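Peer 1: okay, here's the prediction I keep looking at, along with the sequence it came from:
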Amino acid sequence: MGGRKPLPTEIKRLKGTLQPCRTNPNEPQPVGTLADPPAYMSVGAKAAWRYALECAPPNLLTRLDMSVLEVWACAADLYRQAQEGLQQTGLLVEAAGSGVPMVSPYLSIANKQAQVMTRAAIEMGFTPASRTKVIAIIPGPMEGDEWAGF
């Protein structure tokens, strides 16, 4: 199917563009919030996971989004490691045996992980372009609301 990918309902709600006539009334509503990263993750991936949860708008990510966040966090850690490798080796390294200069393998790892991170970030609304029209409204008691105390 061609065309733009549909935006998640929660993103439309945050943007203020939600139209009930264009909303799936039977859309599944995932429950549960994300907390601790999976145990298998590296220290760097766990740090990226926690960073994402700290910076994401409240209630945007649920347990159902765990796999996308896992991909993003692991790719962020691999990207960081590849950048550290590039700092040590530079862009060119000598090929084993021949000594001919070649592009550092860290560069292709960094480029691939940047692509993976970007795709996952767009899915979660983490990129500047994907959040340009998001309006984060924090609900509070309305002035004069007799039920505000409840």
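Peer 2: Sure, I can see it.

Peer 1: report the longest helix in the protein, please.
Peer 2: helix 66-89 (DSSP state H).

Peer 1: quick check: mean pLDDT across it?
Peer 2: On average, the pLDDT along helix 66-89 is 96.

Peer 1: pLDDT-wise, which helix or strand of the chain ranks last?
Peer 2: helix 9-15 (a mean of 78; mean pLDDT, DSSP states H and E).

Peer 1: just the CA coordinates for that helix, please, in CSV.
Peer 2: Output of helix 9-15 as CSV, limited to C-alpha atoms (Å, rounded to 0.1, in the frame of the first residue of the first chain):
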residue,chain,number,x,y,z
THR,A,9,-3.8,7.8,17.6
GLU,A,10,-1.9,9.0,20.6
ILE,A,11,0.4,11.1,18.4
LYS,A,12,-2.7,12.6,16.7
ARG,A,13,-4.2,13.3,20.1
LEU,A,14,-1.0,15.1,21.2
LYS,A,15,-0.9,17.1,18.0
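
Peer 1: for the protein, what are the low-confidence residue spans?
Peer 2: 1-2, 27-29, 131-150 (pLDDT under 70).

Peer 1: all strands for it, in order.
Peer 2: 92-94, 101-103 (DSSP state E).

Peer 1: that's all I had, so thanks and see you.
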